[in-house]
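[1] Predicted model and sequence follow; I will ask about them next.
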Amino acid sequence: MTPASPRAVNDPDRASAHSAAHTRDAAGALLALAGETVVLLLGFSSDVAVPVTLALHAAIVAALGIFLFAGREQGSDVSMAATILLVVMVAGPAGAAVALAALPLYNREGAAPGAAPGAASGVLKEWYERLASAGRPEPATELYDRIMSGRVPRLDTPAPLNFSSVIEQGTLDERQKALGLIARHFHPDYTPVLEAALKSPEPVVRVQAAAVVAHVKANLKTRIKRLSCEGKDASGPRALMRLGEMQALQGCSLVDRPEQEICRATALGILERSLAAGADIASVAAVSDAGAGAAIERYLLNSARFRDLRVLRRVRSITQHPALRLRRSAARHAA
Amino acid sequence: MSAPAAAALQSTDGVDVCLIVEGCYPYVPGGVSSWLDWLMKSQPETSFSIVSLWPRPMGLASRYPAPANLASFQHLYLQQFGAKPKSRGRVPPNTDQLGDRLTRLMTEGGAAPLADLIDELRRTRVHMGLDELFNSPAAWQLVQDMYRREMPNGSFLHYFWAWRALLSGLLAVLEHPLPKAHVYHTISTGYAGLLAARARLETGRPAVLTEHGIYTNERRIELLMADWVADTIDKGHALDDPRFDLRDMWVRAFEAYARTCYDAATSIITLYSDNQGPQRNLGAGEEKLAVVANGIDVRKFAHIAPAPASSRPTMALIGRVVPIKDVKTYIEAARILAERIPDLRAWVIGPVEEDPEYDAECRRLVAEHGLEKTVAFTGAVNILDYLGQIHVLVLTSLSESQPLVILEAGAAGIPFVATDVGSCREIIEGRADETPHFGPGGEITHLAAADEIAAAAGRLLTDHSWRRSAGDALKARVSAHYTSEQAAGAYSTLYERLKKMPDLSASPALSPQGAD
């Protein structure tokens, strides 16, 4: 988002509705001022009894209420109308005068975050909403914004470097950036890179690798706790998607043995629940990734469910190479 | 925050030394705070003042009574800068120029850019105070200009808040009234280093920097790992994407501040020579660099006799039971070694309360390996009662600066096995230019390498002559290079030399002619 050119939000219907309501408030206050002034003057006259004056005042208030509220859009802002009615009811002509004087101020105050008309208030509204994370633009708009601002991966960027080579031969800056990325997006496959960094001849790299190891270890504990909580009674394709991660964590040297056991037990529980006798192996196979697929295969092998294993492999083969399978299938049909 | 009651020693000439510290003394015990307390007490003839930098008042109680030679104590709060915005804010005429100079200081750093900025701010003050500037339309104009120049692809919203945080600290440092002193001594780069650089430029008095750890590197590591810094540009896993994001902005600013401090400092001291590499990388002049190691009172340990060879083979780790000490690797090493030396005793000597969860994990690991008769946790004890029974000391830390425990073990003639962190190698193996060379005082291993640690400790436990010679070498080295008298003498000599220095030529930009 650039500060000078935030996307303007322009809603002409809403703007005209707001303008009409504002005009009606002003007219109501003006009429109330005139009516209440007359009533006040009558009140000073000895010819008119006090109950009559009060009755006239009540009539004006009632008429004002009808004028201000009748025909308003449902859900529209009635705070100013209610305020005018209240101050006229309590203070008569003085209240009406105060309400008239306050109307321009109210309009200006209200323009900032809320329901003000026009492009300027729309810009502010969007700004406030972004600050408060109150709303998100449509995904397509967001993607468009990101592309136009240059925040998406570049098409001309070369493929990422191999982190093991970076730790061995990269510049100090590259090594430090790689370690930072590993800390923020750790995957157990990065463990050998971290182990190499801990042995780096460069003290700065060793220090950073040690800090990353401490950071990752603490994060893994939390991650495993979360995985085991989520996987406790879980079953089905969604739960099976976590198997790959649990599989990788079981063999990660940065995970303590008790936590590795937790991963193993949680993964086994998910497999047993999801692949109970009668489960639809084809649908399970279709959604599982490589890590989960390997875990499911191993489980089926250990359980001697070879028929299910064949189904699993066939479905995975088709989902992984659909074009090839379809071609072969067409050739078979032709034959 | 309750500041220590400082003695009223300050004369109209100011104190001898103004110490500038960030986030430690006198509220956070240990580490640098203990060192500052020691430094002031070790220089009774020198008067000190302290400027203590914090983000905001933290509500902490002082943990150190003020020494008699501490004349004044000030707080400088970095994140409380800025006056209430005025309804009709103005934009000073030199705002564009100010933006250029701010950008240069926050991206390149150096004494000259700082002098130029101070000079520009002097012009700005004619129109409005800096606290008013910070919350004014001029600041809005500045942040937009700098955003377009620095981070045009990134999120402006994130840039805005990061810019506010960085500039608040910078302006607070540039606006703080400088205490008068003959020497300004900062304990880190960062904002403390900037204040020292400013003092050097504005007063012409020398500025000294003593870095225990390399502040910039610590910040860089922290920022590269931090989850609180948003990645507003998706660079994937590319390491050389030139687009500038928030993380780059923070790191670059701290590097620029470090360059400024190194450039302005008269003398740059660190605890061990490995630290000088990063200092050189950020432009610290070779002629300014020096090593002054921390020292200990060796007399306290002189009476401790080596553990008899006939006693139960004992190794120990002295330190807090916390992840950074990697006690689990020590336990793994004990497991490996216990297979070779069945009657091995492996103590863990140190407080266990700081991280109860980690302590429980360590104990669970001991139980899992069936090492209950081998590994024992003593809790916080007086190590003098234990050193006489220990054959080898082990340090498995993932990070250290200059661990005093190696010096204490050395003073008691106990050899050491330590990971290759901080100055461990320098203390145990000696500096390359050590004369006479005392020989190795133990062995250095890789980090988190239980097998290497077990092997090294095993050699020292079983080879009595190797253990004796390593213990003797370490004792000789500590006595020769790591006594508190030597450290105090080095600072005393440095202060005396700098106090006598005539006022250094102040930056031309800051001279009376240079100012408007």
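    Okay, I see it.

[2] and the closest residue to chain B within the stretch 51-200 of chain A, how many residues sit next to it?
    Closest contact between the stretch 51-200 of chain A and chain B, by Cβ to the nearest Cβ, is at residue A:180 (2.9 Å). From N, CA and C alone the C-beta is placed, and that goes for glycine too. Applying other Cβ atoms under 10 Å in any protein chain shown, we find 21 residues neighbouring residue A:180.

[3] Show me where the chain dips below the pLDDT cut-off.
    If you meant another chain, say so; for now it's chain A. Applying pLDDT under 70 to chain A flags residues A:1-19, A:73-75, A:106-124, A:126-136, A:277, A:287-288, A:322-335.

[4] Wait, chain B was what I had in mind.
    Residues of chain B that meet the cut-off, pLDDT under 70, sit at B:1-13, B:89, B:505-516.

[5] picking that back up, leaving out chain neighbours, which residue sits closest to the residue of the stretch 51-200 of chain A closest to chain B?
    residue B:224 (2.9 Å; Cβ to Cβ, 6 or more residues apart in numbering or on different chains).

[6] Can you give me every residue that contacts the one you found?
    Taking Cβ atoms under 8 Å, 6 or more residues apart in numbering or on different chains as the criterion, residue B:224 is in contact with A:176, A:177, A:179, A:180, A:183, A:184, A:208, B:247, B:251.

[7] Within the helices and strands, which one has the fourth one?
    Take DSSP states H and E as the rule and residue A:180 turns out to sit in helix A:172-184.

[8] List the buried residues in that helix.
    A:174, A:175, A:176, A:177, A:178, A:179, A:180, A:181, A:182, A:183, A:184 (16 or more other Cβ atoms under 10 Å in any protein chain shown).

[9] do stretch B:376-384 as well
    B:377, B:378, B:383.

[10] Which of the residues you listed sits closest to residue B:264?
    Closest approach between the buried residues of stretch B:376-384 and residue B:264, by Cβ to Cβ: residue B:383, at 41.2 Å.

[11] In contact with that closest one, which residues?
    Counted by Cβ under 8 Å, 6+ apart, residue B:383 has contacts B:318, B:349, B:408.

[12] Please work out how many residues are found near the last one.
    The tally of other residues near residue B:408 (other Cβ under 10 Å) stands at 23.

[13] host element of it?
    Secondary structure (DSSP H and E) places residue B:408 in helix B:404-411.

[14] which other residues reach that helix?
    B:294-296, B:298, B:300-302, B:318-319, B:383, B:387, B:390, B:393, B:395, B:415-416, B:418, B:424, B:427-428, B:441, B:474-475, B:477-479, B:482.

[15] And for stretch B:460-480?
    B:296, B:298, B:306, B:309, B:313, B:315, B:337, B:341, B:344, B:391-392, B:406-407, B:409-417, B:427-428, B:430, B:434, B:438-443, B:459.

[16] Which of those residues are buried? Put it as a ChimeraX command.
    Selection of buried members from the contacts of stretch B:460-480 for ChimeraX, criterion 16+ other Cβ under 10 Å:
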select /B:296,298,306,313,315,337,341,344,391,392,406,407,409,410,411,412,413,414,415,416,417,427,428,430,438,440,441,442,443,459
